[in-house]
Structure formats: structure tokens, C-alpha cells
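Colleague: Predicted model and sequence below, questions to follow.
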Amino acid sequence: QVQLVESGGGLVQAGGSLRLSCAASGRTFSPYAMGWFQEAPGKEREFVAAIRWSGGRTVYADSVKGRFTISRDNAKNTVYLQMNSLKPEDTAVYYCAANETGWGNFGYDYWGQGTQVTVFS
């Protein structure tokens with residue numbers, strides 16, 4: 001079993017930055033990809049970004065392109081989401097997820113508990 005633990009959320013003014021981290025533990029960890037998702041109040045969970053564990057190829061939702069950057073540290077089994085130029089509409093619970101067989105915006109096998117990001121204007 002794989003456990004994912006997010007951290008780094010918080011309260012930030014519009015235009016500011018936050019860096020989320022997601023640490024994986026458990027059995028030997030070697031996913032095909034890791035992803036970040038957001039779930040705003042009253043909305044469905046939406047894809048934000050994903051990164052291939054080997055090679056580091058990335059993909060982003062249009063709403064965050066140019067503002068958010070996903071990265072990973074394979075040695076630490078950790079994935080990051082650097083969020084810059086934050087907007088109030090980025091307010092959500094952010095979840096990291098691990099996909100054992102594919103990548104992109106669906107098919108994830110393991111999920112973290114989420115971390116709250118609140119952006120005020």
C-alpha cells in the first residue's frame with residue numbers, strides 16, 4: 001500500500017505564491033506518474049497537473065499553465081506543486097495522487113488527504 005501526505009497549503013493574498021509537497025511512503029514506490037488535483041467548494045475534483053516519474057514529462061490544465069509548475073524528487077519520493085500568481089479562483093483543497101500504469105487526468109490509484117489553499121483578494 002502507498003500513503004501520500006500533502007503539505008504546504010495555507011492562506012495567501014492574490015498574486016502570491018505557495019509550494020505544495022506530497023511525500024509518498026509505503027511499499028517500494030515507483031509510480032508511472034504523479035498528479036495534482038483541486039476540489040473547490042461545490043465543484044467536482046479537477047485535474048491540475050501531472051508528471052511522469054521517469055523522464056519528468058509534464059502536463060497542465062489550461063487554467064494553471066504558466067503559473068504552476070509540477071516537479072518531483074525521485075530520491076525523496078516527493079512531488080511538488082509550485083503555485084505562482086495565485087488567484088482567488090485557485091482556492092480549493094489540493095490533492096496529490098499516484099498513477100501506477102498511466103498518466104494525465106484520470107486513472108489514479110492512490111490519493112492523499114488533501115491540503116487547503118485559500119487565496120484572498
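Modeller: That came through, no problem.
Colleague: what comes up buried for stretch 91-105?
Modeller: Buried residues in stretch 91-105, defined by neighbour count with 16 or more other Cβ atoms under 10 Å: 91-99, 103. Glycine gets a C-beta too; all of them are placed from N, C-alpha and C.
Colleague: average pLDDT for it?
Modeller: For stretch 91-105, mean pLDDT is 93.
Colleague: End to end on that stretch, go ahead and measure it.
Modeller: Terminal residues of stretch 91-105 lie 19 Å apart, using Cα to Cα, to the nearest Å.
Colleague: How far off centre is that stretch?
Modeller: The chain centre lies 6 Å from the centre of stretch 91-105; the measure is Cα atoms, centre = their mean, to the nearest Å.
Colleague: do the same with stretch 86-102
Modeller: Mean C-alpha position of stretch 86-102 versus that of the full chain (Cα atoms, centre = their mean) differs by 4 Å.
Colleague: Kindly present the buried residues of stretch 91-105 as TSV, with separate columns for distance to A75.
Modeller: Output for these, formatted as TSV (distance: Cβ to Cβ, whole Å):
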residue	distance to A75
T91	32
A92	29
V93	28
Y94	23
Y95	23
C96	17
A97	20
A98	16
N99	20
W103	20
